[in-house]
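Visitor: next come a sequence and a model predicted from it.
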Amino acid sequence: MTVVFLSVSAEMGGSEVSLLELVRGLRRLAADWPAHVIVPRDGGLAQAAARVGATVHVLPLPDRLIRAGETAVGAGAILGRSVSLLLAAGSAAPYGRRLGRLLADLSPDIVHTNGFKMHVLGARVAPRSSALVWHLHEYVGRRPISRRVLRRYVGRCAALVANSQSVAEDIRAVLNPSVPVTTIYNAVDPREFSPEGPVADLDGLAGMSPAADGTVRVGLLGTFGRWKGHATFIEAMRLVNASSPCRGYIIGGALYDTGGSQYSREELASQVASAGLTGRVGLTGFIERPATALRALDIVVHASTQPEPFGLVIAEGLAVGRAVIVSMGGGAAELIRPDIDALTHEPGNAAALARAIERLADDAALRARLGAAGRRSALRRFDPDVFTRAFIDVYESTHVRH
C-alpha cells in the first residue's frame with residue numbers, strides 16, 4: 001500500500017513530529033509500503049523524513065497561500081482574515097494543479113493530510129482512486145472560515161483521525177461527517193525521550209551565566225504561537241517568590257508562517273525585560289532535539305491559554321521523567337492524572353501557575369514522585385508501535401471500504 005503524506009509546514013511543530021513518528025513507524029512495521037512526504041519547502045521535516053526512509057518531494061507553496069490564515073491582531077481582524085484567504089485562493093489553483101499531477105504520478109492508495117490547507121487541497125486534487133484521510137490536530141469549531149470550507153470538502157474523506165477525544169468531539173459536532181472519526185493519541189519515542197541521555201546547555205544557549213548549584217530549572221518548550229502561554233509563563237515567573245531558587249527558560253522559536261499567529265523572539269525578550277526578569281528568564285532559541293532540553297529541566301511547564309488539542313510537550317515531559325505542570329483545557333486534560341503524574345493550573349492564570357512552580361521548586365521529593373509516575377504513564381499511553389498499528393488499521397479498513 002502506498003501512502004502519501006501532505007504537510008502544510010516544513011518545520012518541526014507538534015503535528016509534524018507526529019507525522020514523522022508515523023513515517024518512522026511505517027518503515028518499521030510495514031516496510032514494504034512506499035511512503036512519500038510532500039512538503040512546501042526544504043526544512044527540518046523534509047530532512048528528518050528522508051533520514052527515516054521516506055521519499056520526500058518539495059513542492060513550493062505560494063507565499064500568499066502560506067501566510068493566509070485566521071489569526072490576526074488588532075482592529076479589522078475579521079476583514080483582514082477574509083481578504084487574506086481570498087487573495088490566497090488565487091494562488092491555490094495553480095499549486096493545486098501541480099500537486100494533482102504529482103499525486104497522479106505517485107498513484108497512492110492513501111493520501112494522508114496534515115493541516116487545514118492541505119485537508120482542502122487534498123480533497124480537491126487527490127485521485128479518486130485514493131482514500132483521503134484527514135489527520136486533525138486542531139479544533140475546527142474555533143475557526144469560522146476554515147470550518148465552512150472543511151464542511152464543503154469533508155464528504156470527500158474516507159476517514160478522519162483526531163489526536164484527542166476533545167478534538168474528535170469537536171469534529172463530530174462541527175463537521176457532522178458521514179465517515180468514522182478515530183482518536184489516536186500521538187506517540188513519543190521512549191528511547192529518545194528517556195530520563196537519561198544528552199542534556200542541553202540551556203544557560204549557554206540563552207546567553208546567561210551558569211546557574212548556581214541548587215537552581216531549579218523551569219521551562220516552557222514550544223512554538224511561539226500567541227496562545228501557547230508565553231506571557232502567562234513570564235508573569236508567573238515574575239510572581240514566583242524571589243527567594244525561590246528558580247530560573248526560567250523559554251525554549252523554541254517562531255516556526256510557522258501564518259501571519260499574526262505568533263510572537264517574535266524580540267517581542268518575548270521585551271516582555272521578559274519589562275517584567276524585570278533579565279538574568280532570571282532566558283530564551284534559548286529552537287533546539288533540534290527537544291529531549292535534550294527537557295532533560296535539562298527540573299520542571300516542564302505547559303501554559304496554553306486556549307484548550308489544547310493534545311499537547312505533545314506534555315507527553316514528552318512525562319516520558320523524560322520530569323515534573324510537569326499542565327494547563328487544564330481540551331485534550332491536555334486527557335493526558336494526565338492531577339497530583340498523580342502532574343500538577344495542573346487554570347489556563348491563563350499566572351498566579352496559579354506561580355503557586356505550582358513554587359510548590360515543586362520547594363519539594364524535590366514531589367518532583368521525583370511525579371516524574372517517575374509520568375514516565376510510567378507515558379510508556380503505557382504513547383507507545384509508538386500502538387500508534388502506528390492504529391493508523392495501519394485505519395488505512396487498511398479505509399482502503400477496503402474505498
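Guide: Cool, the structure landed. Numbering: from 1, shown residues only.
Visitor: any idea how far the nearest residue to Val4 once chain neighbours are set aside is from Ala126?
Guide: Of all residues not flanking Val4 in the chain, Pro108 sits nearest, at 4.0 Å (Cβ to Cβ, 6 or more residues apart in numbering). Every C-beta, even on glycine, is put in place using the N, C-alpha and C of the backbone. According to Cβ to Cβ, to the nearest Å, Pro108 stands 8 Å off from Ala126.
Visitor: surely the residue nearest to Val4 touches Leu132?
Guide: No. Using Cβ atoms under 8 Å, Pro108 is not in contact with Leu132, being 9.8 Å away.
Visitor: got the contact list for the helix or strand where Ala46 lies?
Guide: Using DSSP states H and E, Ala46 falls within helix 44-51. Applying Cβ atoms under 8 Å, 6 or more residues apart in numbering, the contact partners of helix 44-51 are 7, 9-12, 16, 19-20, 23, 37, 39, 56, 58, 288.
Visitor: buried residues in stretch 267-282?
Guide: Leu268, Ala269, Gln271, Val272, Ala275, Leu277, Arg280, Val281, Gly282 (16 or more other Cβ atoms under 10 Å).
Visitor: now for the helix or strand where the third one lies, which elements pack on it?
Guide: Spelled out, that is Gln271. Per DSSP H and E, Gln271 falls inside helix 265-274. If you count contacts as 3 or more Cβ pairs under 8 Å, 6 or more residues apart in numbering; DSSP states H and E, helix 265-274 packs onto helix 230-239, strand 281-285.
Visitor: what number of residues lie near the residue nearest to Val4?
Guide: By other Cβ atoms under 10 Å, 23 other residues sit near Pro108.
Visitor: how about it, what does it touch?
Guide: So Pro108 contacts Thr2, Val3, Val4, His36, Ala126, Pro127, Ser130 (Cβ under 8 Å, 6+ apart).
Visitor: kindly reformat those as TSV containing distance to Thr305 and secondary structure.
Guide: Below are those laid out as TSV (distance: Cβ to Cβ, whole Å; DSSP: H, G, I helix; E, B strand; the rest coil):
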residue	distance to Thr305	secondary structure
Thr2	41	coil
Val3	35	strand
Val4	35	strand
His36	37	strand
Ala126	35	coil
Pro127	41	coil
Ser130	38	coil
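Visitor: and those residues, which are buried?
Guide: Val3, Val4, His36, Ala126, Ser130.
Visitor: for those, which one is nearest Arg337?
Guide: Val3 (34.6 Å; Cβ to Cβ).
Visitor: just give the closest residue to that closest one, not the sequence neighbours.
Guide: Once flanking residues are discounted, Val3 sits nearest to Ile110: 4.5 Å by Cβ to Cβ, 6+ apart.
Visitor: for the one you found, which residues make a bridge with it?
Guide: Val3, Ala131 (DSSP bridges).
Visitor: mind putting the contacts of helix 44-51 in TSV, pLDDT included?
Guide: Shown next, in TSV, are those (pLDDT from 0 to 100):
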residue	pLDDT
Ser7	96
Ser9	89
Ala10	88
Glu11	85
Met12	85
Glu16	93
Leu19	96
Leu20	96
Val23	97
Val37	98
Val39	95
Val56	97
Val58	97
Glu288	89
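Visitor: now those residues in JSON lines, with distance to Ala364, secondary structure and neighbour count?
Guide: What follows is those, written out as JSON lines (distance: Cβ to Cβ, whole Å; DSSP: H, G, I helix; E, B strand; the rest coil; neighbours: other Cβ atoms under 10 Å):
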{"residue": "Ser7", "distance to Ala364": "41", "secondary structure": "strand", "neighbour count": "23"}
{"residue": "Ser9", "distance to Ala364": "39", "secondary structure": "coil", "neighbour count": "26"}
{"residue": "Ala10", "distance to Ala364": "41", "secondary structure": "coil", "neighbour count": "21"}
{"residue": "Glu11", "distance to Ala364": "36", "secondary structure": "coil", "neighbour count": "20"}
{"residue": "Met12", "distance to Ala364": "32", "secondary structure": "coil", "neighbour count": "20"}
{"residue": "Glu16", "distance to Ala364": "35", "secondary structure": "helix", "neighbour count": "25"}
{"residue": "Leu19", "distance to Ala364": "37", "secondary structure": "helix", "neighbour count": "27"}
{"residue": "Leu20", "distance to Ala364": "35", "secondary structure": "helix", "neighbour count": "22"}
{"residue": "Val23", "distance to Ala364": "39", "secondary structure": "helix", "neighbour count": "25"}
{"residue": "Val37", "distance to Ala364": "43", "secondary structure": "strand", "neighbour count": "26"}
{"residue": "Val39", "distance to Ala364": "44", "secondary structure": "strand", "neighbour count": "26"}
{"residue": "Val56", "distance to Ala364": "45", "secondary structure": "strand", "neighbour count": "19"}
{"residue": "Val58", "distance to Ala364": "48", "secondary structure": "strand", "neighbour count": "14"}
{"residue": "Glu288", "distance to Ala364": "30", "secondary structure": "coil", "neighbour count": "10"}
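Visitor: please save the CA atoms from the helix holding Ala46 in CSV.
Guide: Extracted C-alpha coordinates of helix 44-51, given in CSV (Å, rounded to 0.1, in the frame of the first residue of the first chain):
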residue,chain,number,x,y,z
GLY,A,44,13.5,20.2,9.2
LEU,A,45,10.6,17.9,8.3
ALA,A,46,12.0,17.1,4.8
GLN,A,47,15.4,16.2,6.2
ALA,A,48,14.1,14.1,9.0
ALA,A,49,11.6,12.2,6.8
ALA,A,50,14.4,11.4,4.3
ARG,A,51,16.6,10.1,7.1
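Visitor: in it, what's buried?
Guide: Counting neighbours by 16+ other Cβ under 10 Å, helix 44-51 gives Gly44, Leu45, Ala46, Ala48, Ala49 as buried.
Visitor: fine by me, thanks again.
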